[in-house]
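build me a model from this:
(5 chains, ligands or ions: 5)
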Amino acid sequence: GCGSRSDDTEGTDTGSAENKVAKIGVIAPLSGDLAALGKGIQNSVDLAIRQANEAKTIPGWTLELAAEDDQATPDVGKNAATKLAADKDVVGVVGTLNSSVAQSVQPVLAAANIVQVSPANTNPALTQGADFATAPKRTYPTYFRTCTTDSVQGPFAARYLFETAGIKEVATVHDKKTYGQGLVEAFSAEYTKLGGKIVAAETINPDDDKYDAVISKIKPSNPKTVYYGGEYPQAGPFSQQMKAAGLNVPLMGGDGIYSGEFIKLAGATAEGDLATSVGAPTDTLESAKDFIAAYEAAGFAEPYEAYGAYAFDAANAIIQALKVSLASADSAEAARQATVDAMSKVSFDGVTGAVAFDEFGDTTSRVLTVYGVKGGKWEAVNTAEFK
Amino acid sequence: MSAMLEVRDLTVAYGKIKAVKGISFDVEQGEVVTLIGTNGAGKTTTLRTISGLLRPSGGSVTFKGKDLTSVPAHDIVQLGLAHSPEGRRIFPRLSVEENLLLGAFARKDKEISNDLQAAYDLFPILEERRAQPAGTFSGGEQQMLAMGRAMMSRPELLMLDEPSMGLSPLMMKRIMTTITTLQGQGTTILLVEQNAQAALRRANRGYVLEVGKIVLSGTGKELLASDDVRKAYLGED
Amino acid sequence: MSSSRTENLAAAHGGKAPMVAIAGGALLMLSGLLSWSYDDRILDDISVRFFPIGIQIYSMVLGLVAVGLGVLLMRRPAWMDPGKGLRILGMASVVFVLGTLLAIAKQAGGIVNANEGLYVALAGAVLAAAAGYLSPEVHIDVRKWPRLNSNVEILIIVVLMALLLFTLAYTLNIEDGAVFGVFLVAVIGIVGGLLGSGLGAYFGFIGGNNRRPLMLAAFLVAFLFPFTQNGSDENMSIATQILVFAATALGLNIVVGLAGLLDLGYIAFLGTGAYVAAMMSTSAFATIGWKPPFLVVMLIGACTAAVFGLIIGSPTLRVSGDYLAIVTLGFGEIFRLAMFNLDGNNGPDLTNGPNGIPAIPDLVFFGFDFGEVHSIAGIPLGRFSNYYFLLLALIAFVILVFTRLNDSRIGRGWVAIREDERAAEAMGVNTFGLKILAFAVGAFLAGLAGTIKAHVDTSVSPDQYIFLESAFLLAAVVLGGMGTVLGVLVGATILKLLPEKLREVNDYRLLMFGLLLVVMMRFRPEGLIASKRRQLEFHEDDEELNELLQAEHLQEAK
Amino acid sequence: MTITEPQRTPHEVGTKIVLEASGVTMRFGGLTAVDDVSMQVHEGEIVGLIGPNGAGKTTFFNCLTGMYIPTEGTVTLNGTKLPPKPLKVVRAGMARTFQNIRLFGNMTALENVMVGRYCRTSSMALTSILRGPKFKREEAATRERAQELLDYVGLSKSTELLARNMPYGDQRRLEIARALATDPQIILLDEPTAGMNPKETEETMHLIFKIRDSGMAVVVIEHDMRFIFNLCDRVLCLVRGSLLVEGTPGEVQSDHRVIEAYIGGDEDKEEIA
Amino acid sequence: MDQFAQQLVNGLTLGSLYALIAVGYTVVYGIVQLINFAHGEIFMIGAFGALSTWLIFFEGETALWTLPIMLVGAIAASVTTAVLMERIAYRPLRNAPRLAPLITAIGISIFLQEAVRLGFNDPTLFLSNWNPLDFPSAKQKVPFPQIDVVTGQAFTLGGVTIQRSALFTIGCLVMCAAGLWYFVNRTKTGRGMQAVSQDPDTARLMGINVDRIIMVAFAVGATLAAVAGVAQGLQVTNINFKMGFLAGLKAFTAAVLGGIGNVWGAVVGGLTLGIVEAMAVQFIPGTFGGSPWKDVWAFALLIIVLVFRPQGLLGAKVVDRA
Ligand SMILES: Nc1ncnc2c1ncn2[C@@H]1O[C@H](COP(=O)(O)OP(=O)(O)OP(=O)(O)O)[C@@H](O)[C@H]1O
Ligand SMILES: Nc1ncnc2c1ncn2[C@@H]1O[C@H](COP(=O)(O)OP(=O)(O)OP(=O)(O)O)[C@@H](O)[C@H]1O
Ligand SMILES: CC(C)C[C@H](N)C(=O)O
Ligand SMILES: [Mg+2]
Ligand SMILES: [Mg+2]
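Ligands and ions are numbered 1, 2, ... in the order given. The predicted structure follows:
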């Protein structure tokens, strides 16, 4: 016997009927290899929205989550953005995870005046334009981020390798995507400036799963570390195959490889591999205690991962802006522009530290951490503010 | 004793078109029986149904007392009923010898090589070209191969569909002789021929098919003598 | 024969079929007035009695058609086979009711939540189906088609088209995935039942008599469609995707359906057009400095694609059959990989690599900005509607090219090549030239579509042009019916629309999609709308069809 | 023997040579399928080609029509050398039929013949799309001519039948109509009566006479001796690739070498009789 | 020189994998002229079959003796899927138009990928609420067990590193190829396969059970693909539901390169393709070299080969007798 006559009146009375609805979108990889990070973002935004609704942060309005999967591909991400933009209730979007996806999402959301806050995009060009190093120019007024950029992360890793670890010869590999390539470029510039030597520079195609040929090509140049620009689904196997092929040096990467999944994929030989990631480790932050507790209490199936805290802050940044913009608006759509305007003035103490944006939409924080694989887990090696 | 092959009220259809509309005939052990008829009369269709390539929509086929209507084609061969199809249908990319050996696919005995030699003796060209891909053969050469291949299964009943098509007069005679020889060796033969004259001459009995029905039957001699047959199939006025 | 048992059954009880059909239809109609579910929050509230909505109305329409077919069964016109219609309608009705039951059970948590109306409907559906199987096998005589005044015929076409538009608009606006699903089944039942009973062939005949009005009416319907959307861009965005896809598939249809050359890398031509347009657009990521007006870009994109078509087609001089298929697949992959790589890091900087060229601005034609909302007769038409009209013009052009080529010396040459290339050559057909031409024309059309696609999509990236997309294009052609225009349009619509509307089952979407491809091919291997000739080809000789074909030809000859 | 009294009507064979093949040789690996064969065909002449199975008759046809590139030898039509390209051969005015019927099965009879008109018409893609008056005229002419040819070979009623649904004999006739549609000066027929009964064979014979009478030259391969000897002005017999005998039907059928290699000696006669 | 030898080894390894999969395409194509696009998924299912076997019976165990059992599990999974697929989806389409089975193949390919993605970690999808197996989710890459002896520290031979898994892969190819050669050329079933491939109707008249032969062809292909699946898992250390697609595409290319329908062609084509890819990474200088272009070179090679040898490297020329 299955089911019963449905008389359980569940879900009919959330929020008073007169409340208007505004949606905060999420665009992140919810399926596929990067879903671990994406789910962490989705859940954290969900948490922020639930808390805001509970606390009635924005009187007269109920916030809802509208999560869209971008499968970590620009095209799908763009379609997700189009869909959210067509939804009149959407006032802000948290996402994307990947810089490459952000590139396609930015113009769509900008055209609809929807504010976008990314917890994870680290490519500097997204805020400061293609010539960020020489002539920074804001590209989209609607775009903000809560994480620091690769023009900090790359050099940070370079200094760590050259100065702290004393490694003078490095091979670089990247996956050609906005993030990977940008990171390697930033790293290489600083590393050579410091006096280090890039002994080999290769690229891979992220669709591949065997890297023998590339590894064999790098090996004779005898690098002491391989610096990888890209994400863990490729970096994990790359690290493993590198070592199986007898290239027994550590692999180092950026925030894209800082995930438990990396270690799972790389296996036992991942020991000693390195990664940098934005901010300080979430679990060591005093300010994150509440977030972590609330996250656990909410009973999400997936961990918050590297970007949970940033996504939480991003969502709250939007909510802060909405407090201003929705107050006088009679429809969500009408509040879009006001939200964008309010965003640059947002400033509060978030989980990851002070949340505020500079004239480009970048976060003002420049803290980074080096992690290493020890005993099958990522462990913080060194946290510092980049100067 | 009932006949070796009994066809009763057989109807066969392609989609909605009935190609064979309820025919009945017998083939007795040791006989040569021929089916003649105009183009499209349903001769080929009948043979294909007997050998299991087509399923009848009605009626029955019995071979040596066993009902064939639901036996798959590949098992029918094992019962001793071989079919040399219309248009030769040799395996073009296999060599001549491989083609012949495939004829014996259903056999499990050890005398296959003897029969192979017998086929070569009958058609020396086959032996000469035993390694040539059969697809490069001329039409007539292919016909010989098809005949040889059918014999390789050592059938009790051999069905030949237009074995003389495209053959030179000489070859045609040889094929006809072969049929007599085979009959002498005890093989029963069901022969479909366009060359009615030659066929009827060596047939014990014959049936005339027209648009899916048997319109005439009798011994070979009777049919040869029949005015209707002479007019319609022998081209004599 | 498997059908012999049903034949016997029909022989024994055939006389009762009309009554059974009418009874079944009546029950279905009655069920519409009864409550279907205990739960009022699901399937648009079907718990109310004597106030039919949604699903209940579908059931009533199904019933009405069943009654109609039952009556026809009693006094059968020689050109109809109501029994066949009833079989389709009945089976669809059963699926429809069971589907509803499933939805109720799932959404309300148990079968107990189903009310009496549903069971009455089920009984009616079963009876209707039974009537179908009870009715005797009949021979359709297409020569008995009623001959009508051509104005009346045109009127029929117009009414049918209006119905089509209404159904389309209605369908797309169904929000609830479950309702959408059962509605689809109901439509299959109603339309299938009517068309299957012989009306389909008859309408085809009428359409054949009035080609021009038919085309005009069809385009009018397509043209009016955005006005039914009330400014919403949601369906229009899907519609633009469908049109781009269909235009490309029609181009592929020239290569595959007409010339019989299997092309597994076709998406590259669409990509060529899109990349050309993107690189010449004013996007900040565009890599070519020259910014000609869009019409010029269109031509450049299409011509570039055509040139690629020539290149890809040139191995056909030596390579044929499935070997050619893999050559095209290879070219397709080379295209994608080249787009993936040409970012300055590997090869020259042209395409921005895997990240593609985003931020392609909207088109502006003589001051008409495609990105803006424009109002016509008070109905707002959004960005996608604007592009929709542009694409409609494109499709019209593509169809024109397709049909005119098909019905010409060139088209005959293509079919001859498809049938027997060697023989065609021996009969004086310039096979190489024609094959190359097929590739070039097809590529040209796809390239054209690509240039517009770049602007509709606002971005191009290599992952839009993967092999799977080529496979889908091919699926649209085969699924719809090779060599036909209508078939490809239908195929393209199904392939693009279903995944969108299947979002209800989001995680299982692709799974069901894959399954659907398999099932469709299983039951209609010749495609949904096979060209008459093709149908003959595949279903072996079917007297009926043959007659039909001849009747039509006679008609044409007059 | 049944082949005795030729019933053919005497007629004038032209003196102009239409087709000339000289020294045609075709080798497949070690096998010489056609060995240095030369042949001349005059205007209005019917030439028969006979020979045992595998003698190389079809291969010879393939060499003449450019389907095979002969290892050696040349083919000239009206004094111009033909390149071994089927397309150019047809355009130059030589058409053929196939031993194993190769119609376009899923096209109607009419369409099959219209395809034959391909090489004598010229509208290309753009013309077809634009549909100018020239295009319309050409289409109409093509259709008309095709129908004419169907009438000519006696298929008036089968215009709209799919080729593959037609009876065997009609298919062979359709092949001939399709070949005629290319406006040839010479037509090569490969076993046009194979699989036909004597009555149909008779009809085909008259058709070929009709074609000849319209001024075309005909070369025909057949194994039906009565047919060949009644039909042809001249007969060539190929054996193992080489030309064995050439002469009038009377000469050839009484040549003992032909009888031995091809027709069969007397000892076989009673077998068949 | 070392680099050349090294890349040759890499290429052979990759090529062996392609070859193992390519044989499946070739055998099936040879018989039913069907491009079975779903064959890549059979390979993927082999890998998952092996993984499941390991998870169910010896999770945590990495001793060599588990390998044969994993292979059996892989083969069982692949062969079952392939045979069912043939029976349910392809057989009814035997007489359908040529492209219909191709679309079916694409449908099956998508279906199988999704079925594994959704079903592997979640038996609830197919079997109500019964979930005794705690499988990892297949929605992302899943680590593959690293078995002793065949994985681990690589061998070095005069400057050339040879991985253990590479030896395993090449060894598998050699053994499978030898077995297959015997099967096709020395057994009656093998000759039957050739006959069916050329004329199924007439083959039936010879007493050949065509349905069985076709099924055998699918099963043979699936067996080799399953072995390849295990080899891939050991080499790459992780597997995922998408892995069959690209590998399948490459293997199909290899089969055509070698001459589709020809078993040796598949082996030669696979090895050639693998070697070309490896060499392209190392030896093509400038910006058109390196890993991202390797597939382009592989496809370019394919096209060039086909233009000069339209029947593939070892394919037999099909005679078209007019
Ligand atoms: N595969 C098929 N599909 C549809 N109809 C067919 C098919 N094969 C044969 N027919 C039809 O069935 C009828 C009988 O054909 P069948 O081949 O049996 O005749 P036949 O007596 O062998 O003729 P022939 O002397 O030409 O060989 C013909 O009308 C033919 O057109
Ligand atoms: N493509 C080829 N490859 C190899 N051998 C061939 C090829 N084509 C023909 N042959 C061989 O050439 C010889 C002549 O064949 P051809 O078809 O010309 O004979 P034919 O005289 O037409 O015989 P038939 O009267 O039986 O049709 C045959 O022995 C045949 O095996
Ligand atoms: C998870 C990482 C791949 C995200 C990365 N920081 C990016 O900008 O793309
Ligand atoms: Mg026959
Ligand atoms: Mg011949």
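
show me where the chain has its helices.
If you meant another chain, say so; for now it's chain A. For chain A, applying DSSP state H gives helices covering A:35-54, A:74-86, A:99-111, A:125-128, A:150-159, A:178-194, A:212-218, A:232-244, A:260-266, A:289-298, A:308-325, A:336-343.

sorry, I should have been clearer: chain E.
So, for chain E - with DSSP H - the helices run E:2-32, E:39-58, E:66-85, E:99-119, E:164-186, E:188-198, E:200-205, E:210-236, E:243-258, E:263-283, E:294-308.

need these in JSON lines with mean pLDDT, can you?
Formatted as JSON lines, these follow (pLDDT from 0 to 100):
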{"stretch": "helix E:2-32", "mean pLDDT": "91"}
{"stretch": "helix E:39-58", "mean pLDDT": "92"}
{"stretch": "helix E:66-85", "mean pLDDT": "95"}
{"stretch": "helix E:99-119", "mean pLDDT": "90"}
{"stretch": "helix E:164-186", "mean pLDDT": "90"}
{"stretch": "helix E:188-198", "mean pLDDT": "85"}
{"stretch": "helix E:200-205", "mean pLDDT": "87"}
{"stretch": "helix E:210-236", "mean pLDDT": "93"}
{"stretch": "helix E:243-258", "mean pLDDT": "90"}
{"stretch": "helix E:263-283", "mean pLDDT": "92"}
{"stretch": "helix E:294-308", "mean pLDDT": "90"}
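
and the ones you listed as a markdown table, adding mean neighbour count and distance to chain D?
Where C-beta positions appear, they are placed from N, C-alpha and C, glycine not excepted. Below are those laid out as a markdown table (neighbours: other Cβ atoms under 10 Å in any protein chain shown; distance: least, Cβ to the nearest Cβ, whole Å):
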| stretch | mean neighbour count | distance to chain D |
| --- | --- | --- |
| helix E:2-32 | 26 | 21 |
| helix E:39-58 | 26 | 31 |
| helix E:66-85 | 21 | 30 |
| helix E:99-119 | 24 | 15 |
| helix E:164-186 | 17 | 23 |
| helix E:188-198 | 21 | 16 |
| helix E:200-205 | 23 | 15 |
| helix E:210-236 | 26 | 24 |
| helix E:243-258 | 27 | 23 |
| helix E:263-283 | 25 | 21 |
| helix E:294-308 | 20 | 18 |
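
and those helices as a markdown table, adding distance to ligand 1?
Converted to a markdown table, those look like this (distance: least, Cβ to the nearest ligand atom, whole Å):
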| stretch | distance to ligand 1 |
| --- | --- |
| helix E:2-32 | 19 |
| helix E:39-58 | 31 |
| helix E:66-85 | 28 |
| helix E:99-119 | 19 |
| helix E:164-186 | 32 |
| helix E:188-198 | 19 |
| helix E:200-205 | 11 |
| helix E:210-236 | 18 |
| helix E:243-258 | 32 |
| helix E:263-283 | 33 |
| helix E:294-308 | 34 |
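
now the ones you listed in JSON lines, with distance to chain B?
Formatted as JSON lines, those follow (distance: least, Cβ to the nearest Cβ, whole Å):
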{"stretch": "helix E:2-32", "distance to chain B": "10"}
{"stretch": "helix E:39-58", "distance to chain B": "23"}
{"stretch": "helix E:66-85", "distance to chain B": "19"}
{"stretch": "helix E:99-119", "distance to chain B": "18"}
{"stretch": "helix E:164-186", "distance to chain B": "11"}
{"stretch": "helix E:188-198", "distance to chain B": "4"}
{"stretch": "helix E:200-205", "distance to chain B": "4"}
{"stretch": "helix E:210-236", "distance to chain B": "7"}
{"stretch": "helix E:243-258", "distance to chain B": "16"}
{"stretch": "helix E:263-283", "distance to chain B": "14"}
{"stretch": "helix E:294-308", "distance to chain B": "19"}
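
turn those into a markdown table, columns for distance to C:G192.
Output for these, formatted as a markdown table (distance: least, Cβ to Cβ, whole Å):
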| stretch | distance to C:G192 |
| --- | --- |
| helix E:2-32 | 32 |
| helix E:39-58 | 33 |
| helix E:66-85 | 29 |
| helix E:99-119 | 21 |
| helix E:164-186 | 47 |
| helix E:188-198 | 38 |
| helix E:200-205 | 34 |
| helix E:210-236 | 33 |
| helix E:243-258 | 35 |
| helix E:263-283 | 44 |
| helix E:294-308 | 44 |
